[in-house]
Structures are given as structure tokens and as C-alpha cells.
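Student: Just to be clear, the model below is a prediction. Sequence and coordinates:
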Amino acid sequence: MRKQELITTIPEEVIISKIYQIRGQKVMIDRDLAELYGIEAKRLKEAVRRNIARFPEDFMFELTMEEFQNWRTQIASSNSDKMGLRYAPYCFTEQGVTMLSCVLNSKKAIETNIRIIRVFTKMRELLMTHKDILLKIKQFEQEIGRNSDDIQLIFKALKQFLNPPQETRKQIGYKRKSEE
């Protein structure tokens, strides 16, 4: 039971920090997954190569050299982070991560995958919530854009009340004989 407690206590922040946006998809790279599973990245890649039919392009892909060089320049620059980055990593989509639990077939891999998939699901739900909010903001901006001329006209009229003209006007009304 102690092992299970350790696995399920992987903080969401740790998992989220290992999710990258590559080719318009949210993916996790092989070395980060290997670290979460407690195995060497080399062993993870071997297992994937032995079961390559389980990983179509939409489950897993290898970075091109150009993508790899670009990605390397964007990650933290400490030597420990660059270690093991001689070869382009495999990138696993959410479905690919799920398939890894079948390939690795260990209790730890399965439990870790459950945790990762829950984080992916939570991120998707948050994205949908924020997407609705962003759409509402965009609609509001468009309405304001259409009404901006009217709003400017209203402000111009209001400014006239704030700064009344300074010209002297002839007073209207009765004059008392004492005022004349």
C-alpha cells in the first residue's frame, strides 16, 4: 500500500510541467514519462520499439531534427536537463500515454498513467471553460467595436456639460429699478 501512496501523490504541477505543446498537440516526452514510471528512458524506448504497431502517428511521434534543436533551446539550460538529449525524443499524446500502460504492463506504470490521464482530462475541462469565456470576451469586443462611434459621440456630449462655454450672455428676466 505504501508504493501506491507514493504513486498517487505525484503532484499535478509536476505532471503539468512535463506536458509540452508540439505540432499543435499536448504531448509528454519519453524521458519525462520514464522518470515518472521510475525506469530508464532507454528501456521505455525499447518497449515502444518492440510494440511499435501500438503507436500510430497520432499516439506517438519522434521530433524532427529541426524541432529537436528548437525544443532544446527552449528548455532549461542546466546541464542536468540537457543530459540524455543526444537523440530526438519520442512524444506521446494522451492516447499514446494510455497505450504505454499496456506496453510497460507494470502496476506502477498503470497507476502513474491513471494519474497522468486524470491531469490531461482536467486540463481539457479547464480549456473548454476558458474557451467559453474567451468567446464571450471576443463577442463583447466586437459589440464595443460596432458601438464605439456612438460611445465617442456620447462622451463628446457629456464633456460639453462638464466644460460649459465661458461666453458672457445677456441675462434674461426683469430688472428692478434699483439694479438700473
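Tutor: Received, thanks.

Student: now the strands for the chain?
Tutor: In the chain, the strands defined using DSSP state E lie at 19-22, 25-29, 60-62, 90-92.

Student: Tell me which of those sits most buried.
Tutor: Ranked by mean neighbour count, the strands of the chain are led by strand 90-92 with a mean of 23 (mean count of other C-beta atoms under 10 Å). Heads up, the C-betas are built off the backbone N, CA and C, glycines and all.

Student: Quick check, pLDDT for the spatially most central residue of the chain.
Tutor: Among the residues of the chain, the one closest to the centroid is Leu127, at 7.6 Å (C-alpha atoms, centre = their mean). On pLDDT, Leu127 comes in at 77.

Student: While we're on Ile154, how confident is the model there?
Tutor: Reported pLDDT at Ile154 in the predicted model: 79.

Student: swap in Ile75?
Tutor: pLDDT for Ile75: 63.

Student: swap in the one 3 residues further on?
Tutor: Listed pLDDT for Ser78 reads 43.

Student: Could you do Leu135 as well?
Tutor: Leu135 carries a pLDDT value of 80.

Student: Give me the residue ranges of this protein where confidence is low.
Tutor: 1-8, 74-85, 161-167, 169, 179-180 (pLDDT under 70).

Student: Let's see that with 50 instead.
Tutor: Residue ranges of the chain with pLDDT under 50: 1-7, 77-83.

Student: where along it do the helices fall?
Tutor: 2-8, 12-17, 30-37, 41-50, 65-74, 79-82, 94-104, 107-162 (DSSP state H).

Student: got these as TSV, with distance to Lys177 columns?
Tutor: What follows is the helices of the chain, written out as TSV (distance: least, C-beta to C-beta, whole Å):
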stretch	distance to Lys177
helix 2-8	99
helix 12-17	88
helix 30-37	98
helix 41-50	107
helix 65-74	90
helix 79-82	97
helix 94-104	95
helix 107-162	36
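
Student: Glu57 is nearest to which of those?
Tutor: Between Glu57 and the helices of the chain, the shortest gap by C-beta to C-beta is with helix 94-104, which sits at 9.9 Å.

Student: any idea of the angle that closest one forms with strand 25-29?
Tutor: Interaxial angle, helix 94-104 versus strand 25-29 (axes from the mean of the first three to the mean of the last three C-alpha atoms, to 10 degrees): 30 degrees.

Student: Which neighbouring elements make contact with helix 94-104?
Tutor: Using 3 or more C-beta pairs under 8 Å, 6 or more residues apart in numbering; DSSP states H and E, the elements in contact with helix 94-104 are strand 25-29, helix 30-37, helix 41-50, helix 107-162.

Student: could you give the angle of the second one to helix 107-162?
Tutor: Helix 30-37 and helix 107-162 meet at an angle of 110 degrees, taking the same axes, to 10 degrees as the criterion.
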